[in-house]
Structure formats: C-alpha cells, structure tokens
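**Student:** mind looking at a prediction? Sequence and model below.
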Amino acid sequence: MDERNPDTMATSSARALLPAPPSLLYADRMGGVVFRFWATVRGLAAFALIIFGVIATKFGAARDVTFPAIHKEQARTGTQVLPMFLFISAALGLVVIGQTISWLKELGANSLLGPIMVAVVVRELGPLLTAMLVLARSGTRNVIELGTARARGEVEALEALRIDPIHYLVMPRVIGMAMAVFSLTIYFILGTLASGYLFAFINNVPLRPDEYVQQLTDALRGLDFVILALKSCLFGVVIAVITCYHGLAQPLRLEEVPRAAIHAVAQSVVACVLLDAAFTILYIFA
Amino acid sequence: MDLPAIHPKTPALEMTAVSVESQRDPGSPILENVNWSVWPGEYWVVGGMHGSGKSDLLAVADGLAPPLQGSYRLFGREMPAAGDQFLSERLRIGLVFDGGQLFHHLTIEENVALPLRYHRDLAAGDPGETVKTILEATGLSPWAGRLPGTVGRGWQKRAGLARALVLRPEVLLLDNPTGGLDPRHFQWWLDALDQMSAGHGLTEGRPLTLVVAAEDLRPWRNRAAHFAVLQKRQFCPLGHHPQLAGLAHPLVKELLAEPPGAA
C-alpha cells in the first residue's frame, strides 16, 4: 500500500498528515486585497480629478495665499534639499557611472560613453532616483503634515472658514512638487554627468571635456528633453497626489498617520516605477 | 435663474424635520426630527451631555455636514451639502470649535489673518488693521507672533474666536466655549459673549446672533435668552431663561445642578 496516496489511506489520522487543501480564508484574503487595491485606485483617480478641477477653476483665486504657498513648497521640496541632491548625484557619478567608464576604457569603447550616460542617467536613473529621494523626504512629510492636520480638525476649520482645503493645502503641494522634482532632476543629472567625467579624468581615460560634451549632445535627441520634462513633472504630481490623498482624503486619527505614510510611500514607489516603464516603452516606439 | 428675494424677517437658521448624522458613527442619526428656528439677534444655549450630538448639530448648522433628512435653510436659502454655492450666505455664519482648531503651522496672527487674506475681496479697509483690532479686543496681542502649540488652551480658544470674527459673521456658533477654562478666561468669555449679543465694536454695534453648545447650563442662566437640550436623539426647546429654573425636565435639573462637592 502506498501511504502517500490518499486513496489508499485507511485511517483519518493518516489523512491529517497530508497537506490541507487551500482554505476559503486564503481566497477571502486575496479577494480583500484585490478589492482594496481597486478601491484605492478609484479613490486616487477621483482625488486627482478633484485636484485638477480645482487647479483649472481656481488657480488664480486667493493668490495672496496660494502663490506664496507654491513658492514655499518649491523651496521646501527643491531649494532646501539641493545640497543633499548634489552630494548624492556626485556619489552616483563616482561610484556607478565611474565604474562604467572604467569598463569602457578596458574595452576601448570610449565612443560609447555619451550614449550610455544619456541612456542611463538622463533617461532612467536621474528622474527615477530624484523622484524616490523626493518621495522619501517630502512625500512622507506631506502625509504626516496633512494627516496630523486632519486628525486635529484643522481641515474642518478651513471648511468652516469657507477655505477650500484642496485649493489651500493640496494645489500648492502638487504644483510646487512638480516644479521642484523637475528642477532637482536637472541638477541631479548635471551633477552625475560632471562627477562621472571627474572619475574618468582621475582614471586617465583618454577623453577630453569637449569630446565628452560632444558625445553627450550627439546622443541626446529633442524627444529626450520633452520626455524628461514630462516625466519629472509627472513624478512630482504622482507623489503629491498619492501622499496628499493618504494624508487628507481619509478620516484619520493621530495613531493612523504612520500607517497612512507607509501606504503612501509604497503606492508612490509602484506608481513611479509604472510611469517610468510607460515612458521607456514610449522611447522604444518613438 | 433668479433667486427669490429674502424677506427681512427670515430666520437666520431654520431646520425642518432635520436628522443629524453622527460624526463618530457615520450613516447613523444622532438627532432626529429637529425643528428649530434661530432669528437674527437671538442668544441660544443648547445643552446636552457629552456625546449627545451638540457638535454634530453645530456642524449641520454651519453647513459643514449635510442633514441626513429634512430641510436646512440659512438666511432663507436652502443649503446644498457643500461647495462654493451661496458663498456669501455661508460667510454670514461663523463657527468657533471646542479646541480652537488653529492651524499649527501658522502663528496666532497668521491664523486670524488667513480668512481675510483668502477672501481678500471681502476685506473692508486695511486687513492688517482689522486683524490688529481683533487681536487687541480679544487680548491676544502679546501672543500674536507665537505658534498655537506654545500658548495655553484658553488663548487658543480666544484665537479661534478671533479667527471666526475676522470675517464679520452675523451668526456665531460656539462649541463648548467655556469648557476646560480657568476662572479668568471663563469670565472673559461670558462677558465677551454678552457684549457681542448686545452689540459690540467688533460687530459694528449690531447684535450678533449667538448659538452656544454647552454641557453646563448654569453659567448661562441669566445671560442667554433661549435654551434647548439634546436628549434621546431629540432636540427639545425649553423656552426663555426666566422659565428655566421652574422646568421639571430631568436633564435640565441635571445640567443646572451644582457639581458634587461644590457646596
């Protein structure tokens, strides 16, 4: 008698040793995950539509309040973190790009340096890494600030004063963050390209600065500038919308703010990677 | 579409068969069949125990939450649930929250100035001067540059009042304004509300319509003119203040009773 074959098992105690069939509980959990995902997507889409509606209809309204708030957001997300971004871009250029340059030198393929730098730094790493750093520093701050304001009843206070919370709290963050991510991406790319060349120079790669710049300009297309601008601004918009949604759009108690921040970061990372993949496909077919 | 002309003798607030939704338990009513009219210049105190629906009632009255059922009219206009519709009517009513609900990233002065800066077209005269006058009248000038978290609860509540007054509302709703205050702040509030009800410099001399939600009716016995209590999901108007002490309503007796050990 084969003891591993359930058909030949005689006793119920022996059956208990076999792996149990997938339980309904597991299916319930999977179903719950799918429904929650769908509800989040719908909520985010509705929230984004409301924000774009407010921007379209009220952009110039109460400019004494909202325009300084946009400038403040640009400063908090952009200018104030510029030193950190330049440091990280320099490190990336030295560590990652410098390694690439060394291998190209070994292979004698110095002429590929420009195209590789454009493909890796300008099209992919620059915008995506900038978005991730902005998400880590400013996106989490958004959730905490707005979630705390919501839990303290400050959002209701705005409504009582007939101040639209989306107009006053969210619109400046979306616009300011989009502009800040775009600007930081440019600085990040320039910093990485410069430090990458510095590494090459230190390693005696036979490449003059004018040749390096020439390679870069030859590798760049007009579409690169358009897509770089679009992609970096959209990263900023996506991060701002998702983090503001989790901070503001749901009733929160103070103890729920950390969990909202975790959800916001995870969803922002997924959204940015998906967006990046969509732009990569666009590059391929353009 | 032409809007109907508003009769000068229209109630400031008018609720007809209104059901009020509980903010703690969304979807379920905490008050049912509320029929209530507040006329311009009246001074109401709505009493009730903790969790009886006072804040929920004020949220509906302020237009922050729609009624679950029934009709709510503000200065004679049926109020939609939310949005910018009838903004001019909505700005004629102000709400002072229990804890002030100040914006913690702004100083006291910035908190008070924010509504004027946002609704700039409503500012009569110099907005800076208006804010300064209100800060002085509420005793907040020494704290003007401080963040809300660095001042006491009493001053935060006053800042909430100043912020509501800066838009010169005609009706002021106050949620538990004297709750948790020391005797000095407590007396200041009672006197300030008396003055506003009678006509104050801040309101350009015209009487302000006041609706106060409170857990203790005793301080208001000889001040407010109209009383109501919330009990068992019902809004129960009690009449004028001289009648209050003679009422046999058990909740009124409870809300007027001295706290244990006070004697």
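**Tutor:** Good, I have the coordinates.
**Student:** what about the longest helix in the chain?
**Tutor:** Answering for chain A, as no chain was given. Identified as the longest helix of chain A according to DSSP state H is helix A:24-58.
**Student:** wrong one, I was asking about chain B
**Tutor:** When chain B is parsed with DSSP H, its longest helix is helix B:183-198.
**Student:** got phi/psi on B:Val166?
**Tutor:** The phi/psi pair for B:Val166 (degrees, to the nearest 10) reads phi -60, psi -20.
**Student:** from chain A, how far off is it?
**Tutor:** Distance, B:Val166 to chain A, by CB to the nearest CB, to the nearest Å: 9 Å. Backbone N, C-alpha and C define where each C-beta goes, glycine included.
**Student:** what does B:Gly27 give?
**Tutor:** Per CB to the nearest CB, B:Gly27 is found 13 Å from chain A.
**Student:** list the contacts for the closest residue in space to that residue that isn't next to it in sequence?
**Tutor:** Excluding its sequence neighbours, the residue lying closest to B:Gly27 (CB to CB, 6 or more residues apart in numbering or on different chains) is B:Glu21, at 7.0 Å. B:Glu21 is in contact with B:Gly27, B:Ser28, B:Pro29, B:Ile30, B:Asp56, B:Val60, B:Ala65, B:Pro66, B:Pro67, B:Leu68, counting by CB atoms under 8 Å, 6 or more residues apart in numbering or on different chains.
**Student:** okay, now the third one: neighbour count?
**Tutor:** In this case it means B:Pro29. The number of residues packed around B:Pro29, counting by other CB atoms under 10 Å in any protein chain shown, is 19.
**Student:** and what of the one 3 residues further on?
**Tutor:** Look at B:Glu32: counted by other CB under 10 Å, it has 17 neighbours.
**Student:** checking it next. Helix, strand or coil?
**Tutor:** Of the three states, B:Glu32 takes strand according to DSSP: H, G, I helix; E, B strand; the rest coil.
**Student:** on that earlier part again, by how many degrees do the helix or strand that the longest helix of chain B is followed by and helix B:183-198 diverge?
**Tutor:** Proceeding N to C from helix B:183-198, the next assigned helix or strand is strand B:209-214, under DSSP states H and E. Angle of strand B:209-214 versus helix B:183-198, following axes from the mean of the first three to the mean of the last three CA atoms, to 10 degrees, is 150 degrees.
**Student:** re earlier: list the helices and strands the longest helix of chain A packs on?
**Tutor:** The contact analysis (3 or more CB pairs under 8 Å, 6 or more residues apart in numbering or on different chains; DSSP states H and E) places helix A:24-58 against helix A:171-202, helix A:222-248.
**Student:** nearest to chain B, of those?
**Tutor:** helix A:171-202 (12.6 Å; CB to the nearest CB).
**Student:** in contact with the closest residue to B:Arg120 other than its chain neighbours, which residues?
**Tutor:** Take B:Arg120 and drop its neighbours on the chain: the residue closest to it by CB to CB, 6+ apart is A:Asp64, 5.8 Å away. For A:Asp64, the contact set (CB under 8 Å, 6+ apart) comprises B:Arg117, B:Tyr118, B:Arg120.
**Student:** number of residues surrounding A:Pro68?
**Tutor:** Residues within reach of A:Pro68, counting by other CB under 10 Å, total 12.
**Student:** chain B contacts on chain A?
**Tutor:** A:62, A:64-65, A:145, A:148-149, A:152-154, A:156-164, A:168 (CB under 8 Å from any CB of the partner chain).
**Student:** how about low-confidence regions in chain A?
**Tutor:** A:1-24, A:251 (pLDDT under 70).
**Student:** mind running it again at 50?
**Tutor:** Residue ranges of chain A with pLDDT under 50: A:1-4, A:6-9.
**Student:** quick one on the thing from earlier: element containing the residue nearest to B:Arg120, please.
**Tutor:** helix A:63-77.
**Student:** in that helix, what's buried?
**Tutor:** A:Val65, A:Thr66, A:Ala69, A:Ile70, A:Glu73, A:Gln74, A:Arg76, A:Thr77 (16 or more other CB atoms under 10 Å in any protein chain shown).
**Student:** so it versus helix A:222-248, what angle?
**Tutor:** 110 degrees.
**Student:** what is the next helix or strand after helix A:63-77 packed up against?
**Tutor:** Using DSSP H and E, the helix or strand that follows helix A:63-77 in sequence is helix A:82-92. Here helix A:82-92 touches helix A:126-134, helix A:171-202, going by 3+ CB pairs under 8 Å, 6+ apart.
**Student:** give me the residues contacting helix A:82-92.
**Tutor:** Residues contacting helix A:82-92 (CB under 8 Å, 6+ apart): A:125, A:129-130, A:133, A:137, A:184, A:187-192, A:194-195.
**Student:** circling back: format the helices and strands packed on helix A:24-58 as TSV; extra columns: distance to A:Ser111.
**Tutor:** Converted to TSV, the helices and strands packed on helix A:24-58 look like this (distance: least, CB to CB, whole Å):
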stretch	distance to A:Ser111
helix A:171-202	13
helix A:222-248	19
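**Student:** nearest to A:Arg141, of those helices?
**Tutor:** helix A:222-248 (8.3 Å; CB to CB).
**Student:** how many residues are close by residue 238?
**Tutor:** Reading this off chain A. 25.
**Student:** my bad, the chain I had in mind was chain B
**Tutor:** By other CB under 10 Å, 19 other residues sit near B:Leu238.
**Student:** that one - that's part of a strand, no?
**Tutor:** Yes. Counting by three-state DSSP, B:Leu238 is located in a strand.
**Student:** do you know how far it is from chain A?
**Tutor:** For B:Leu238, the distance to chain A equals 27 Å [CB to the nearest CB].
**Student:** is it true that that residue touches B:Val229?
**Tutor:** Yes. Counting by CB atoms under 8 Å, B:Leu238 does reach B:Val229; the two are 6.4 Å apart.
**Student:** got any residues that touch both of the two?
**Tutor:** Shared contacts of B:Leu238 and B:Val229 (CB under 8 Å, 6+ apart): B:His249, B:Val252.
**Student:** from the contacts of A:Asp64, which would you call buried?
**Tutor:** Among the contacts of A:Asp64, those scoring as buried are B:Arg117, B:Tyr118 (criterion: 16+ other CB under 10 Å).
**Student:** show me what contacts the closest residue to A:Phe59 other than its chain neighbours?
**Tutor:** Nearest residue to A:Phe59, sequence neighbours excluded (CB to CB, 6+ apart): A:Met171, at 7.6 Å. Going by CB under 8 Å, 6+ apart, A:Met171 touches A:Ile51, A:Val54, A:Ile55, A:Lys58, A:Phe59, A:Thr66, A:Ile70.
**Student:** could I get the contacting residues of the second one?
**Tutor:** It refers to A:Val54. A:Asp164, A:Ile166, A:His167, A:Val170, A:Met171.
**Student:** relative to B:Gly41, which of those is nearest.
**Tutor:** Checking those against B:Gly41 by CB to CB gives A:Asp164 as the nearest, at 30.9 Å.
**Student:** need phi/psi at the closest one.
**Tutor:** The phi and psi torsions at A:Asp164 (degrees, to the nearest 10) take the values phi -70, psi 120.
**Student:** my read is that it contacts A:Lys58, right?
**Tutor:** Yes. If you go by CB under 8 Å, A:Asp164 and A:Lys58 touch, sitting 7.0 Å apart.
**Student:** compare neighbour counts for the two and give me the winner.
**Tutor:** Counted by other CB under 10 Å, A:Asp164 and A:Lys58 do not tie: A:Asp164 has more neighbours, with 20 against 17.
**Student:** first-to-last residue distance for stretch A:139-159?
**Tutor:** 24 Å (CA to CA, to the nearest Å).
**Student:** please spell out the PyMOL selection for the buried subset of the contacts of helix A:82-92.
**Tutor:** Command for PyMOL, covering only those of these found buried under the criterion 16+ other CB under 10 Å:
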select buried, chain A and resi 125+129+130+133+184+187+188+189+191+192+195
